[in-house]
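Enquirer: Predicted model follows, preceded by the sequence.
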2 protein chains.
Amino acid sequence: MPEFLTLLPPQDALKKILAYLTANPAPEQVDSDQALGRVTASPVLAPHPLPEFPRTTVDGFAVRAADTYGASESLPMYLNLIGEVPMGAAPNFELDSGSCALIHTGGMLPPGADAVVMVEYTQSARPKEVEILRAVAVGENVIEIGEDVRLDQVVILAGTRLRPAEIGGLMALGIAQVDVARKPLVGIISSGDEVVPPQQRPAPGQVRDINAYTLSAVVMEAGGETRMYGIVADTRHAMQAAAERARRECDLVVITAGSSASTRDLTAEILDGLGKPGVLVHGINTRPGKPTILAVCDSVPMIGLPGNPVSALVNTYLFVVPIIRTLLGEQPRPDAIRPARLTINLPSQAGREDWVPVKLISSIEGEPSGVMLAEPIFGKSNLIFTLARADGLLKIPADANGLAAGEIAEVYLI
Amino acid sequence: MPEFLTLLPPQDALKKILAYLTANPAPEQVDSDQALGRVTASPVLAPHPLPEFPRTTVDGFAVRAADTYGASESLPMYLNLIGEVPMGAAPNFELDSGSCALIHTGGMLPPGADAVVMVEYTQSARPKEVEILRAVAVGENVIEIGEDVRLDQVVILAGTRLRPAEIGGLMALGIAQVDVARKPLVGIISSGDEVVPPQQRPAPGQVRDINAYTLSAVVMEAGGETRMYGIVADTRHAMQAAAERARRECDLVVITAGSSASTRDLTAEILDGLGKPGVLVHGINTRPGKPTILAVCDSVPMIGLPGNPVSALVNTYLFVVPIIRTLLGEQPRPDAIRPARLTINLPSQAGREDWVPVKLISSIEGEPSGVMLAEPIFGKSNLIFTLARADGLLKIPADANGLAAGEIAEVYLI
């Protein structure tokens, strides 16, 4: 399986592997107040309507609308004030024609009332009497039972990543527990004879393992869990044993290869023999990240990432994150993309998609809304600190021959 | 302290309260691999240079550059192949003039070598001999000691929220623990006589507490911790006791008021008497969220949020999140803002900043990069599900008289 026979565009490569995957079917139930960031495994239905009683949306006076017809500043209507609706309880009176009741935002309409006049359009003339200065229609300033949410209405779709607003929605309906997709377990295998654990002081020629940790952090952010398989020796036997074990135990396996071509070739050979269909993509038309390998072995997606930390992290965003989202059954939401104006020319090769770490700078006077300036960060060796200094990754699309200074491009915030 | 005497623009209101706050000075040490999302309390210095040995950035042959001068396809230079640099170890040989060594990306240059010729520009003629087809300059394809990171260089600034890239950077330098800002403790007090805990079945006239939970979720996302003080009765005594206790115990206190004006007035009165300087802002020129109260009581920021769940959540994003970031000492990063083209006209009042929940839809052919369509979501009662259906909040700036269909506006992803 030689490297780079054909370089696929990243979107095509991703499609190729996603075609083999299905959403993880095993849901688990968690407490709603602990469910932030989890993805719903089934639709959430309203167990009762909202509101459950007719409520006012304003401060004012509950009335029968018919009693107010014709009311105006010059010709007010006079209604008897028969009481005040208490907050948090049903009023203990009914409203007859010719009468009204003081009511506060969110309060329950008394039986007999069908509208609310805002306090701004009233005047209190004498005790127990209210002047109505404007007519209201039936239902005005009132939310009827079920007007917000009907009984059994789907309020949260399956595949929704729960944000603060959804947590609030669950609480509004008294749903204390929610079915969410089990977190996909992502096995991480490090390789490369030059790689040592971060806790270890590297000898000359050695470097610390970075990729297992950046990858693990991205997996956690994306809603997965990680299992670390440590640093495996660059031998067929050791690599194969680790890859087989991880394939059995995990929902997704990522091997971060050493920096040498031989390690990457070994990874590809092993992934190709681990189960059907084997390697789907070997070589992607991006920079950085060309040597990435995508495989599916007996239904388990397996990815070989290049050893270079920037390449590895960029391709984690391009492939590992979408695969985790697919396994979670997550419905897509708009990505955090900001348009930004390039400060310098960025050459690139037509047909290849480039991802350039950039610093975003407040835009100058007169820019359209939200457009910032993007200043590329270059480093000879694509050190991880190139990304640590960046606010995001600027995309040079494959169909561009680079981008000129002053052009606006998409920056994916990282 | 009557409501709404003067309505401040949200940016001015925020500045007014932030002026009283300083970054929380108490750092704590956490394991670097558990530090994702935490904010550094002090700058991180490199304990050693990176790389620690001269490395090659390519696969090829380590050489003395002078030996390659004049080499070309038509007139190659011939060098003796004296060995291969092992991955992960220092080479056990020196390079003399006229010789070269096979080296793999990331490998350590042998003593005597000062450049690397890419394998593409070489040819192996006879065993133990390599044809060099192109000259290299001293240092070409080599990263010198400290070229990426110098000893004692600041690699991560104080106030940096740690992302996967920074976690990787810490690992690269073997920094196992990192000083981060202690998570600000945010006390949450619910009020409103109509409000019951979410676990409870509301009686007619009652609604469940939503705001404490949405708020708590946003606080966790922003890097704070929450302490819940439960639902407090709408009496001066109960509110005052809860507010005083929370002020003593927390770094920031948020009171979510009931929906009635009297509860909000009570909140303002209590906050004004709880410590100096008291209420700074009462009423903000936004929709939703006008009745928000900002106070500082003996150095503790205290916020009164309106009872309406959408108002409460919008103002949590506008005020609570920036205050948490300030307490963390966090340096700003670009917000997740997407430009989007409005599908309909949105009227608004000049001078007031509006935040409209919108659904984002893939843009049509021919739009500039990253611009989506924004479809406003309306609901009579600003129910929490208005936000649960939204991808973000569209901002109608205060200086606009609304926005017309087809205009591009900023959408803050939520």
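Expert: Received the coordinates, thanks.
Enquirer: Quick check: which ranges of the stretch 201-350 of chain A have low pLDDT?
Expert: In the predicted model of the stretch 201-350 of chain A, residues A:258-260 satisfy pLDDT under 70.
Enquirer: residues from it in reach of chain B?
Expert: Contact residues of the stretch 201-350 of chain A with respect to chain B, defined by Cβ under 8 Å from any Cβ of the partner chain, are listed as A:201-211, A:213-218, A:220-221, A:234, A:258-263, A:307, A:309, A:313, A:316, A:333-334, A:336-339. Every residue, glycine included, has its C-beta placed from N, CA and C.
Enquirer: what about residue A:344, distance to chain B?
Expert: From residue A:344 over to chain B the distance is 18 Å, taken as Cβ to the nearest Cβ, to the nearest Å.
Enquirer: What's the local residue count around residue A:310?
Expert: The burial count assigned to residue A:310 is 26, neighbours taken as other Cβ atoms under 10 Å in any protein chain shown.
Enquirer: if we can go back for a sec, among the residues of the stretch 201-350 of chain A next to chain B, which ones are in strands?
Expert: Residues from those lying in strands, with DSSP state E as the criterion: A:207-208, A:337-339.
Enquirer: which one of those is nearest residue A:184?
Expert: For residue A:184, the closest of those turns out to be residue A:337, at 24.5 Å, with distances computed as Cβ to Cβ.
Enquirer: thought that closest one was touching residue B:340?
Expert: No. With contact defined as Cβ atoms under 8 Å, residue A:337 does not reach residue B:340; the gap is 11.1 Å.
Enquirer: Please say which of the two ends up with more neighbours.
Expert: Applying other Cβ under 10 Å to residue A:337 and residue B:340 shows that residue B:340 carries more neighbours, namely 29 against 22.
Enquirer: Run through the residues that contact that one.
Expert: For residue B:340, the residues meeting the contact criterion (Cβ atoms under 8 Å, 6 or more residues apart in numbering or on different chains) are B:358, B:360, B:371-374, B:394, B:408-411.
Enquirer: Of those residues, which one scores lowest on pLDDT?
Expert: Checking pLDDT across the contacts of residue B:340, the minimum falls on residue B:371 at 84.
Enquirer: List the contacts of it.
Expert: For residue B:371, the contacting residues are A:339, B:338-341, B:363, B:408, by Cβ under 8 Å, 6+ apart.
Enquirer: Select from those residues the one having the most neighbours.
Expert: Highest neighbour count within the contacts of residue B:371, by other Cβ under 10 Å: residue B:340, with 29 neighbours.
Enquirer: okay, now the residue lying closest to that one once chain neighbours are set aside: neighbour count?
Expert: By the measure of Cβ to Cβ, 6 or more residues apart in numbering or on different chains, the closest residue to residue B:340 outside its immediate chain neighbours is residue B:374, 3.7 Å from it. For residue B:374, the number of neighbouring residues by other Cβ under 10 Å comes to 30.
Enquirer: Outside of the host helix or strand of residue B:374 itself, list whatever touches it.
Expert: Taking DSSP states H and E as the criterion, residue B:374 maps to strand B:372-376. Identification of contacts with strand B:372-376 by Cβ under 8 Å, 6+ apart yields A:334, B:338-344, B:346, B:356-364, B:394, B:409, B:411.
Enquirer: let's go with 10 Å and repeat that
Expert: Outside of strand B:372-376, the residues that reach it under the criterion Cβ atoms under 10 Å, 6 or more residues apart in numbering or on different chains are A:334, A:337, B:338-346, B:356-364, B:367, B:386, B:390-392, B:394, B:403, B:407-411.
Enquirer: Okay, and which of those map to helices?
Expert: When DSSP state H is applied, these are split such that residue B:386 fall in helices.
Enquirer: Buried subset of the contacts of strand B:372-376 as a PyMOL selection?
Expert: Buried members of the contacts of strand B:372-376, defined by 16 or more other Cβ atoms under 10 Å in any protein chain shown, are picked up in PyMOL with:
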select buried, (chain A and resi 334+337) or (chain B and resi 338+339+340+341+342+346+356+357+358+359+360+363+386+390+391+392+394+403+407+408+409+410+411)
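Enquirer: May I have stretch A:64-71 as CSV, with CA atoms only?
Expert: As requested, the backbone C-alpha atoms of stretch A:64-71 are provided in CSV (Å, rounded to 0.1, in the frame of the first residue of the first chain):
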residue,chain,number,x,y,z
ARG,A,64,-63.4,40.8,29.4
ALA,A,65,-62.3,42.2,26.1
ALA,A,66,-65.9,43.1,25.2
ASP,A,67,-66.0,45.5,28.2
THR,A,68,-63.2,47.6,26.7
TYR,A,69,-64.6,48.1,23.2
GLY,A,70,-64.6,51.7,22.3
ALA,A,71,-62.4,52.7,25.2
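Enquirer: Quickly list the domain ranges of chain A.
Expert: According to automatic domain parsing, chain A is divided into the following domains: A:10-25+A:182-328, A:38-50+A:149-180, A:55-143, A:337-413.
Enquirer: between these, which gets nearest to residue B:159?
Expert: In terms of Cβ to Cβ, the element of the domains of chain A nearest to residue B:159 is domain A:337-413, at 13.7 Å.
Enquirer: re earlier: list the residues that are in contact with both of residue A:337 and residue B:340.
Expert: With contacts taken as Cβ under 10 Å, 6+ apart, residue A:337 and residue B:340 have B:370-372 as neighbours in common.
Enquirer: Could you work out the end-to-end span of stretch A:76-93 for me?
Expert: The distance separating the two terminal residues of stretch A:76-93, taken as Cα to Cα, to the nearest Å, comes to 25 Å.
Enquirer: Residue A:330 - that's part of a helix, no?
Expert: No. Assessed by DSSP: H, G, I helix; E, B strand; the rest coil, residue A:330 does not belong to a helix; its assignment is coil.
Enquirer: List the contacts of it.
Expert: With contacts defined as Cβ under 10 Å, 6+ apart, the neighbours of residue A:330 are A:23, A:39-40, A:158-161, A:181, A:222-223, A:322, A:324.
Enquirer: Please repeat the previous calculation with a cut-off of 8 Å.
Expert: By Cβ under 8 Å, 6+ apart, the contact list for residue A:330 reads A:39, A:159-161, A:181, A:223.
Enquirer: Repeat that for residue A:380.
Expert: So, once contact is read as Cβ under 8 Å, 6+ apart, residue A:380 ends up touching B:57, B:143, B:147-148.
Enquirer: tell me the SS of it?
Expert: Three-state assignment for residue A:380 (three-state DSSP): coil.
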